[in-house]
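[1] Please work out how this folds:
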Amino acid sequence: HVGSDGQVSSLAEKMAGQVFYGSATDYEKSILVPRDNAMKLLHELELIRLPLCFKQLVGSADAIRYSQPEDKSVISILPLPSQWGS
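    From the prediction side, this is the model:
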């Protein structure tokens, strides 16, 4: 299909746009840079939805807690008692 601006659009490109605009939240749309290529935009949406994974967390082992030991994507940081006093 050739659009009014002379650009050729494919069925895959149209579908990617429909999936993106039909599933992305307002927040997700606000943080992604608009692109002429809907397939790239959909790919970036998929990437930001992936859980973050770190090989190493920096901090006290006593302060880092996993909410579920089998799921390393969710942690909480426990406040340590002040060593300086108040």
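[2] Straight-line length of stretch 55-74, end to end?
    14 Å (CA to CA, to the nearest Å).
[3] next one: stretch 49-57
    Across stretch 49-57, first to last residue, CA to CA, it's 21 Å.
[4] same deal with stretch 12-32?
    20 Å.
[5] buried sites along it?
    13, 16-17, 19-20, 24, 32 (16 or more other CB atoms under 10 Å). Quick note: C-beta positions are derived from backbone N, CA and C, even for glycine.
[6] where do the strands sit along the chain?
    64-68, 71-77 (DSSP state E).
[7] Figure out which of those strands is closest to residue 51.
    Closest to residue 51 of those is strand 71-77 (CB to CB; 3.6 Å).
[8] before we move on, the earlier item: could the strands of the chain go into JSON lines alongside mean pLDDT?
    Output for those, formatted as JSON lines (pLDDT from 0 to 100):
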{"stretch": "strand 64-68", "mean pLDDT": "76"}
{"stretch": "strand 71-77", "mean pLDDT": "73"}
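[9] roughly how far is stretch 43-51 from the heart of the chain?
    Stretch 43-51 sits 4 Å away from the centroid of its parent chain (CA atoms, centre = their mean, to the nearest Å).
[10] Okay, buried residues for it please.
    44-45.
[11] per-residue confidence averaged over that stretch?
    Across stretch 43-51, the average pLDDT comes to 92.
[12] who's in contact with it?
    Stretch 43-51 has contacts (CB atoms under 8 Å, 6 or more residues apart in numbering) with 20, 23-24, 28, 31-32, 73.
[13] Any chance of a markdown table for these, columns distance to residue 43?
    As requested, the contacts of stretch 43-51 are exported to a markdown table (distance: CB to CB, whole Å):
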| residue | distance to residue 43 |
| --- | --- |
| 20 | 10 |
| 23 | 13 |
| 24 | 12 |
| 28 | 13 |
| 31 | 15 |
| 32 | 10 |
| 73 | 20 |
